[in-house]
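Enquirer: Take a look and give me a structure for this.
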Amino acid sequence: TTEIYTLSLHDALPISNSLALRLFVSATAWTVVILLVTGFVLSSLYRDAVERSFDRRLNVFLRTLVAEVAAPDEAGERPSQALGEPEFDLPLSGWYWQLTRLNGPKPEVRSSRSLWDSGLPHLSDQNVPATEDGTRRAYVQGPEDQRLRLIERTVDLGDDGRYLVAVAGDSQEIDDETRSFDRALAMTFATLAAVLLLTTMFQ
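Expert: Residues are numbered from 1 along each chain as shown. Take a look at the predicted model:
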């Protein structure tokens, strides 16, 4: 009886070890998959939030420009140069505005000093869809191959003309903030994965 029991125990050990190994590998695979999917979703949601915040910032400048186009100063100038932000005066700063009068024999363009001799592309010519308020948003290539986040809107002033008003900002700010969040998220999830796998291994 003792010999039979010993043989049965030895026969069962490889099966038990094999089952434990398969359970550990399975738990490891599911943990990695779940954390990767969760991390991707959280990163995407955070980037969308940062992008919306950046768009709201651009929209403030856009509304200021639209207001100045609709109500020029006593000299008939539209609009002012600074918009309260020094970035619009610094050459190739990554922050630009552009005002294009659409009606007339030739489009009349005015822009911030930061653009110098460059210009911003028209999203309306690139088939970018407009939102309910008529605003278009997209990433574009700017001066010196800068990647910009640009928003634009067409303003119709009747007899005073139709204008395409555009404001752009350097999207590096969005990328840097998202990248910083991704690093923190990766470190947190790596620690969590290690704890979960160690717990599974001990069990």
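
Enquirer: roughly how far out does the longest helix belonging to the chain sit from the chain middle?
Expert: Using DSSP state H to define each element, the chain has its longest helix at helix 2-70. Mean-position distance between helix 2-70 and its chain equals 20 Å (CA atoms, centre = their mean, to the nearest Å).

Enquirer: For the helix or strand following that helix, buried residues please.
Expert: Toward the C-terminus, helix 2-70 is succeeded by strand 96-101 as the next helix or strand (DSSP states H and E). The neighbour-count check on strand 96-101 (16 or more other CB atoms under 10 Å) flags 96, 97, 98, 99, 100, 101 as buried. All C-beta atoms are positioned from the backbone trio N, CA, C, and that covers glycine.

Enquirer: Strand 96-101 - which strands sit beside it in the sheet, and in what orientation?
Expert: Strand 96-101 sits in its sheet next to strand 108-111 (antiparallel), strand 162-170 (antiparallel), going by DSSP bridges.

Enquirer: Out of the ones you listed, flag the one nearest residue 86.
Expert: Closest to residue 86 of the strands paired with strand 96-101 is strand 162-170 (CB to CB; 13.7 Å).

Enquirer: For the closest one, give the mean pLDDT please.
Expert: Here strand 162-170 scores 92 as its mean pLDDT.

Enquirer: What is the subsequent helix or strand relative to it?
Expert: Next helix or strand after strand 162-170 toward the C-terminus (DSSP H and E): helix 172-202.

Enquirer: Can you mark which positions in that next one are buried?
Expert: For helix 172-202, burial by neighbour count (16+ other CB under 10 Å) applies to 174, 177, 178, 181, 182, 185, 189, 193, 196.

Enquirer: What helices and strands are in contact with that helix?
Expert: helix 2-70 (3 or more CB pairs under 8 Å, 6 or more residues apart in numbering; DSSP states H and E).

Enquirer: what stretches of the chain score poorly on pLDDT?
Expert: Scanning the chain for pLDDT under 70 picks out 1-17, 72-84.

Enquirer: if you set the cut-off to 80 instead, what comes out?
Expert: Counting by pLDDT under 80, the chain contains low-confidence residues at 1-24, 26-28, 69-85, 104-107, 158-160, 200-203.

Enquirer: Count the neighbours of the closest residue to residue 90 other than its chain neighbours for me.
Expert: Nearest residue to residue 90, sequence neighbours excluded (CB to CB, 6 or more residues apart in numbering): residue 114, at 5.6 Å. Using other CB atoms under 10 Å, residue 114 has 22 neighbouring residues.
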